[in-house]
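> just a sequence and a predicted model for now, questions to come.
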Amino acid sequence: MKGWTGKILFYDLSKARFKVWEYGGDFAEKYVGGRGFAARILWERAVGVDPLSPANPLVFAAGPLTGLPGPSTGKFVVAAKSPLTGGYGDGNLGSLAAVHLRWSGFDALVVEGKARKPSYLYVENGKAELLDAEDLWGLDTFAAERKLKERHGKNSGILVVGPAAERGVLYSTIISQEGRAGGRPGIGTVMASKNLKAVVFKGTKQPEIHDKQRYSRLVAEAYRDIEAKPNYEFWIRQGTMAAIQWSQANSVLPTYNFSEGVFDHADKISGDAMEKIKVERRGCPLCNMQCGNVIHDSDKMLAELDYENVALLGSNLGIGDLRVVAALNRIADMLGLDTISLGNTIGFAIEAGEKGLLKDVPEWGDSKAVRELIEDIAYGRTELGKMLARGVKRAAKAVGNGAEKIAVHVKGLEVTGYDCHAAPAMALAYGTSPIGAHHKDAWIISWEVQTERLGYTREKVEKLIWMQRIRGGVFETLVACRLPWVELGFSLDWYLKLFRAATGFSVTMDYLYEVADRVYALIRSYWVREYGGWSRKMDRPPAKWFEQPLTKGPYKGAKLSWDGYEKMLSWYYNMRGWDERGVPRISTLRKLGLEDVAEELSKHVPLSE
Amino acid sequence: MIEIEFLGYFADLAGCKKATIKMRKGKVKDLLEFFPKILEVPRENIIVLVNGIAAKLETSVREGDKVAVMPPIGGG
């Protein structure tokens, strides 16, 4: 086997012992890597487990392109059963850790059990050992990583969790390189629940490539192709921050807890405003279009900005000051909190306060109070902080009195940076994302605004599935960053060529699409099994977009229609080969080579033929 | 007068972020004739809004309208 190392490291923290699984070509062919590997491993090993128990496996999974030279391939998938949603949870993280995992001879690391005391795992060239982390426990993510760098060298790949994860905040992420974050559905919380503060990877051997000469030639051409794209220079200047102005123009910028799609102070937090104060760029390894925009924040510290954190901690909270937003983002990263869920959950609290459902909460735009609240959440200092630490779904339930109507989530995962009052297909993308509300699998809105924007059409559903195959399938299994493709128009053919040269597999895109469909059906089966059943209500977007119309902007009065949404959802299920409940049919699972999944799932719920 | 705004890298192609064009009425594509580099971009990669509402290159515009033209983006 070339391209893959063919090895997965299993580490049992309870016994401080590891074993190596040398998997065969069948496994690689069927699941490719990344999310495919993670989904299969969780299907087999995370059966009915409490997400915060030692039995929940924590998976770090690379793909056959990870860590090989190539456009934005320094990424991998972190996954576990989510404590936030109770279903499949993953995140895509760019880090030297992804590169060094592969260079130490493994395609994935699966951590099980629980260490007796705070520890960190050190993986180097085929071996792993558990080391003491008493001195790291309690430190913020930046400080902990700096200490580990001093110990293991600045070029090691380091993943850490922060104080938020240690205290069980359910949307804690895993952080690397002081700003790269992954695992929104509480994957950092799972890591800390195992007494695992960090994982350090150090490897020296690049995985073998099937046709090295061709691969090297392709990579050089691919990097050149990216740099020749007409919008490359603009991207380097603004990265994802250009989306602030774009979303404002298209009335989808989340504002005041997703009540509006336009923000009066959008100009102050836009890409243009950022460009004037930008001091440097940061990003993931192996990337030639790094997207981290660094500015001096309101504390005069260097801090990174991108669209999502500015939308959620800025306009969504009524904060129109970029330096202040940058400070909030830096603090969230240091504490190890997901900035998206954080901004969403605080937005909920502010609106609940406005409606008289909660007392002693910040007001819109009160960044000082928001900052205090962020620390209260991470450290569990107040009752409000403790309640919001459990995510918006649980917080709304605790508040009661109709608060559920203003909680903006799907399946318990908070919605990311796009308001959908006037975007039915984007609402369906959130409704059907395999981890709960996230844009990473299908950011369809850019295409939707060019079609019958407010329509509920079959064409939108077809396009959504196509996007999920590529974004949620191809990129999440190979593993590579989707941004060269989605942002600069770098052709998908490159990835197929690189995959073929790396592995020697003579396949077409249809093969990668089939793998994507298999992984989607497997992840859906996982949710259904873990929930002990399914209902299409689970795939519904937040009620707010259907019941509380926009009151400002060009799309004033717009809201979604339940009938229209349900019609699109039925088409979606039908095209995926799932039944009217949203459960994969036996025939679909068989067609995708998941006969064993069908057999197991039928023990939990009746399946349609 | 019709106001036209260019977002993202389209501002680089147009050479300005905003422009005002003296025209009573016409179509969006007529306005873009003043910005030939934008018209070199494939049509499916040009997003048009007229007064903030989704529109097309063929959409009619008249005095007082505000037009925004931008590329699609990937959204992170």
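Alright, I've got the coordinates.
> ok, residue 31 - contacts?
Answering for chain A, as no chain was given. A:Tyr31 makes contacts with A:37, A:39-40, A:477, A:515, A:518-519, as judged by CB atoms under 8 Å, 6 or more residues apart in numbering or on different chains. (Each C-beta comes from the backbone N, C-alpha and C, glycine too.)
> right idea, wrong chain: chain B
Here B:Leu31 is in contact with B:2, B:4, B:21, B:23, B:61, B:67 (criterion: CB under 8 Å, 6+ apart).
> tell me which parts of chain B are close to chain A?
By CB under 8 Å from any CB of the partner chain, the residues of chain B that approach chain A are B:5, B:7-9, B:12-13, B:17, B:41, B:44-45, B:47, B:49, B:51-54, B:68, B:70-76.
> closest to A:Glu354 among the contacts of A:Tyr31?
Distance ranking of the contacts of A:Tyr31 against A:Glu354, using CB to CB, places A:Ala39 first at 40.3 Å.
> quick one on the thing from earlier: which ones among the residues of chain B next to chain A map onto strands?
B:5, B:47, B:49, B:53-54, B:68, B:70 (DSSP state E).
> about what we covered before: which one in the contacts of B:Leu31 is the model shakiest on?
For those, the weakest pLDDT value sits at B:Met23, with 90.
> I'd assumed B:Glu33 was in contact with it.
No: the pair B:Met23 / B:Glu33 is not scored as a contact, 10.4 Å apart, by CB atoms under 8 Å.
> so between these two, which is more surrounded?
B:Met23 (17 against 11; other CB atoms under 10 Å in any protein chain shown).
> assign the more buried one to helix, strand or coil.
coil (DSSP: H, G, I helix; E, B strand; the rest coil).
> spatially nearest residue to it, not counting backbone neighbours?
Nearest residue to B:Met23 in three dimensions, chain neighbours excluded: B:Ile2, at 5.4 Å (CB to CB, 6 or more residues apart in numbering or on different chains).
> likewise A:Leu428?
A:Met568 (5.3 Å).
> enumerate every residue touching A:Glu134.
By CB under 8 Å, 6+ apart, A:Glu134 lies in contact with A:117-118.
> just read off the phi/psi values of the residue lying closest to A:Arg281 once chain neighbours are set aside.
Nearest non-adjacent residue to A:Arg281, counting by CB to CB, 6+ apart: A:Gln290, 5.0 Å away. The phi/psi pair for A:Gln290 (degrees, to the nearest 10) reads phi -60, psi 140.
> for A:Gln290, give me its contacts.
Neighbours of A:Gln290 in contact, by CB under 8 Å, 6+ apart: A:239, A:281-284.
> please apply the same query to A:Trp235.
Counting by CB under 8 Å, 6+ apart, A:Trp235 has contacts A:229, A:242, A:289, A:291, A:487-488, B:9.
> against B:Ile73, how distant is it?
A:Trp235 sits 10 Å away from B:Ile73, taking CB to CB, to the nearest Å as the criterion.
> name the residues contacting each of the two.
A:242, A:487.
> follow-up on the earlier one: out of the contacts of A:Tyr31, which one sits closest to chain B?
For the contacts of A:Tyr31, the minimum distance to chain B (CB to the nearest CB) is 18.7 Å, reached by A:Thr477.
> could you export the helix or strand the closest one falls within as PDB, CA atoms only?
Using DSSP states H and E, A:Thr477 maps to helix A:475-478. Extracted in PDB, the C-alpha atoms of helix A:475-478 (Å, rounded to 0.1, in the frame of the first residue of the first chain):
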ATOM      1  CA  PHE A 475     -12.000  16.900   1.300                       C
ATOM      2  CA  GLU A 476     -12.800  15.300   4.700                       C
ATOM      3  CA  THR A 477     -11.500  11.900   3.600                       C
ATOM      4  CA  LEU A 478      -8.300  12.800   1.600                       C
END
